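Engineer: Just need the structure, nothing else, for what follows:
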Amino acid sequence: MAVATYSWRSQLGAGPVEYGQTVRSAQFGDGYEQVAENGINSTAIQVPMKHAGTEAEVNTIRDFLLAHTVKAFIITPPGEEKGMYRVVADSVRKNQINSKFAELTFTIKRAYGVYA
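Structural biologist: Okay, the predicted model is just below:
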């Protein structure tokens, strides 16, 4: 099975791109502390995104996003590297601008691992 690609032109949403790092540390009685990264992919990246367009286009994108909360897809977020991402659960929001246009906001998170 092929990995889907997000091909619509979207922009960064409200809020910053978040970088979370997981580290392991051990504190000793004399004040010495050892710190190490927790695995080879210890930095998590979350990117808030938005897309405005016709209601039909926004609905197509919404369906794509809702199908990819567990399954990863390929995207190049603005200002970030191309990679595999998943949609953060419960982050997809649709705002109806008028009878023909709508805006979609969502957050994606970098996915690591083997995906097919």
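
Engineer: This protein: helices as residue ranges?
Structural biologist: 55-66 (DSSP state H).

Engineer: longest strand anywhere in it?
Structural biologist: strand 43-54 (DSSP state E).

Engineer: How about residues contacting stretch 17-31?
Structural biologist: Around stretch 17-31, the neighbours that count as contacts under CB atoms under 8 Å, 6 or more residues apart in numbering are 33-39, 42-48, 77, 79-80. Quick note: C-beta positions are derived from backbone N, CA and C, even for glycine.

Engineer: 10 Å - rerun?
Structural biologist: Applying CB atoms under 10 Å, 6 or more residues apart in numbering, the contact partners of stretch 17-31 are 32-39, 41-48, 77-80, 107, 109-110.

Engineer: Quick one: buried ones out of these?
Structural biologist: Ile45, Gln46, Val47, Pro48, Pro77, Thr107, Lys109, Arg110 (16 or more other CB atoms under 10 Å).
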